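1. Could you look at this predicted model? Sequence included:
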Amino acid sequence: MGLIIDNEDMCEKFKGLLEEKYFIDKSNIINDFNKLINRNSEKYVCITKPRRFGKTSIAAMLVMYYSKSIDSKEIFDKLKVSKGKSSDNKEKENEIKQYKEYQGKYHTIYLDLSKNVFSFETLDAFISSINCKLKTDIEELFPNSKVLKDYDDDIVYNLKKLYLETDKKFILVIDEWDYIITNKKFTDKERYNYIDFLKYLIKDNSYLAFVYMTGITPIAKELSQSTLNCFMEYTMLNDEKYFQYFGFTEDEVNELCEINKNLTFENLRRWYNGYKSYNGKKIFNTWSVVRALNSNIIENYWSPNTNEMKEIINYDIVGFNEEILELINGNTIEIQLENYGVEDILNELEDILNELEDNEHVKEILYSKMVTFGYLTYYNGKISIPNEELIRNWRSLL
């Protein structure tokens with residue numbers, strides 16, 4: 001196990017999750033991902049969800065399952081993924097076959113692109129630090145590698161050379177992919193260069209068997225059509241394939257209530273449910289549910305970024321605050337939304353809104369941002385506030 005190759009921290013994180021009293025088995029997502037391995041047009045998956053919806057837990061599970069230098073067979077043989085998920089017997093047999101074939105087959109590369117960013121003055125220095133960690137891992141895992149004798153400043157070059165030498169592909173897992181864009185630590189030029197770096201690292205590289213990328217903010221719009229157009233993207237507005245793996249379903253919360261015995265499903269539903277998937281299925285906020293079950297107290301556990309919420313309210317759009325009050329009172333608003341993405345951040349959302357004269361279009365962008373960050377939910381052309389927890393957060397701002 002290494003710093004980024006077959007990451008030890010992710011391994012320990014998943015082991016810790018398995019020990020939790022209120023663990024829910026989400027391993028069937030691996031059955032879905034196994035079907036995409038080495039499929040050039042399908043092997044790039046980007047899934048974006050709000051904070052506290054289990055994105056990093058899924059990343060930890062993937063690292064644990066795929067990593068060559070981590071012995072995880074005994075663990076996963078006890079989980080749902082080992083049994084297959086399809087109702088079709090032939091397809092289920094194939095899923096079980098793939099489970100056995102891909103378990104522990106690959107070295108994984110795990111990159112948390114938010115970790116320790118503020119220790120670096122430039123983007124190049126941050127990327128260089130990742131390259132240095134890669135070298136340390138190669139020294140540990142491939143001590144006789146020729147790559148070490150001519151180690152380059154270019155991380156992609158080193159990965160390509162390692163693949164050519166070993167003939168072994170990698171699974172790439174990227175966490176907090178959008179952090180460098182949203183936190184604005186680096187210059188505008190560096191943030192654009194970061195997108196180019198991701199393209200260089202990921203797109204059309206033969207050393208990758210599969211890529212899972214996650215964060216809060218979608219790629220969206222022109223960036224997904226050009227620079228990062230290799231990804232199939234699943235967001236809060238369009239995910240009908242993987243939604244059940246992020247957050248808890250109603251059946252899963254009922255199952256947890258059976259373990260808890262103290263809190264009722266109805267109380268948890270009123271406070272933490274209400275996020276709706278693309279097909280209308282309801283999803284609970286995992287963070288709040290687990291904390292409520294652990295403490296046996298129903299209260300507000302999720303503290304969203306109130307600065308973001310205040311900023312949205314302060315745009316002073318005609319009729320906007322009145323609509324928020326409507327939502328707080330339990331009503332829905334009919335509106336057609338578009339994906340909010342990092343391009344809106346790179347182009348400075350405030351400048352975009354100031355240039356728009358169409359008041360309804362401005363509201364569409366703002367509401368799209370609120371759905372992306374989990375402050376609202378969207379289904380069947382209507383927005384609403386998901387639950388009591390979020391209603392109380394909104395009330396505190398108005």
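-> Looks like it came in fine.
2. Excluding chain neighbours, what is closest to residue 236?
-> Of all residues not flanking residue 236 in the chain, residue 371 sits nearest, at 5.3 Å (Cβ to Cβ, 6 or more residues apart in numbering). To be clear about C-beta, it is placed using only N, CA and C from the backbone, and glycine gets the same treatment.
3. right, and residue 17 touches residue 60 too?
-> Yes: between residue 17 and residue 60 there is a contact at 7.0 Å, judged by Cβ atoms under 8 Å.
4. the more surrounded of these two?
-> residue 60 (24 against 16; other Cβ atoms under 10 Å).
5. average pLDDT across the lengthiest helix in the chain?
-> Assignment by DSSP state H gives helix 123-141 as the longest helix of the chain. In this model, helix 123-141 has a mean pLDDT of 97.
6. what helices or strands is that helix leaning on?
-> strand 107-112, helix 155-166, helix 188-202 (3 or more Cβ pairs under 8 Å, 6 or more residues apart in numbering; DSSP states H and E).
7. got the angle between the last one and strand 107-112?
-> For helix 188-202 against strand 107-112, the angle between stretch directions is 170 degrees (axes from the mean of the first three to the mean of the last three Cα atoms, to 10 degrees).
8. what comes into contact with helix 188-202?
-> 44, 122-123, 127, 155-156, 172, 177, 180-181, 184, 186, 208, 211, 213, 223, 227-228, 230, 342, 346 (Cβ atoms under 8 Å, 6 or more residues apart in numbering).
9. give me that answer again for 7 Å
-> Residues from elsewhere that reach helix 188-202 (Cβ atoms under 7 Å, 6 or more residues apart in numbering): 44, 122-123, 127, 156, 172, 180-181, 208, 211, 223, 227-228, 230, 346.
10. Check residue 316 and give its pLDDT.
-> Looking at residue 316, its pLDDT reads 68.
11. Apart from its neighbours in sequence, what residue is nearest residue 71?
-> Leaving aside its sequence neighbours, residue 71 sits nearest to residue 104 (Cβ to Cβ, 6+ apart; 7.2 Å).
12. Just the helices from the stretch 251-398 of the chain, written as ranges.
-> Secondary structure of the stretch 251-398 of the chain (DSSP state H, counting those that start in this stretch): helices located at 265-272, 286-295, 306-313, 320-328, 342-346, 349-355, 359-372, 388-395.
13. which regions of this protein sit below the pLDDT cut-off?
-> 220-226, 304-306, 315-316, 348-359 (pLDDT under 70).
14. what about the residue nearest to residue 71, neighbour count?
-> Neighbours around residue 104, by other Cβ under 10 Å: 18.
15. and what of residue 130?
-> Using other Cβ under 10 Å, residue 130 has 17 other residues around it.
16. Repeat that for residue 383.
-> The tally of other residues near residue 383 (other Cβ under 10 Å) stands at 21.
17. Please name the bridge partners of it.
-> Per DSSP bridges, the residues bridged to residue 383 are residue 333, residue 378.
18. What are the phi and psi values at residue 186?
-> phi -100, psi 170 (degrees, to the nearest 10).
19. Leaving out sequence neighbours, find the closest residue to it.
-> If the residues on either side of it in the chain are set aside, residue 186 comes closest to residue 123, at 4.8 Å by Cβ to Cβ, 6+ apart.
20. quick revisit: settle this for me: the residue nearest to residue 236 is touching residue 335, isn't it.
-> No: using Cβ atoms under 7 Å, residue 371 is not in contact with residue 335; the gap is 10.3 Å.
21. what sits in contact with each of the two?
-> Counting by Cβ under 7 Å, 6+ apart, the contacts common to residue 371 and residue 335 are residue 383.
22. gap between the residue lying closest to residue 150 once chain neighbours are set aside and residue 142?
-> Spatial nearest neighbour of residue 150, excluding adjacent residues (Cβ to Cβ, 6+ apart): residue 161 at 7.9 Å. Distance of residue 161 to residue 142, computed by Cβ to Cβ, to the nearest Å: 11 Å.
23. How about residue 206?
-> From residue 206 to residue 142 the distance is 18 Å (Cβ to Cβ).
24. Give me the more crowded residue out of the two.
-> residue 142 (17 against 10).
25. May I have the residues that are in contact with the residue lying closest to residue 102 once chain neighbours are set aside?
-> The spatially closest residue to residue 102, leaving aside those adjacent along the chain, is residue 34, at 5.3 Å (Cβ to Cβ, 6+ apart). By Cβ under 7 Å, 6+ apart, the contact set of residue 34 is 98-99, 102.
26. So which residues of the stretch 1-150 of the chain form strands?
-> 44-48, 107-112 (DSSP state E, counting those that start in this stretch).
27. Quick check: which of those is nearest to residue 13?
-> Minimum separation from residue 13 across the strands of the stretch 1-150 of the chain (Cβ to Cβ) falls at strand 107-112, 10.4 Å.
28. Can you name every helix or strand that the closest one contacts?
-> Applying 3 or more Cβ pairs under 7 Å, 6 or more residues apart in numbering; DSSP states H and E, one finds that strand 107-112 contacts helix 55-66, strand 170-175.
29. From residue 23, how far out is residue 254?
-> 15 Å.
30. Also residue 172?
-> Between residue 172 and residue 23 the computed distance is 26 Å (Cβ to Cβ).
31. okay if I get the helices and strands packed on strand 107-112 as CSV plus distance to residue 288?
-> Below are the helices and strands packed on strand 107-112 laid out as CSV (distance: least, Cβ to Cβ, whole Å):
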stretch, distance to residue 288
helix 55-66, 15
strand 170-175, 21
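32. which one of the ones you listed lies closest to residue 377?
-> Closest among the helices and strands packed on strand 107-112, using Cβ to Cβ: helix 55-66, at 17.3 Å.
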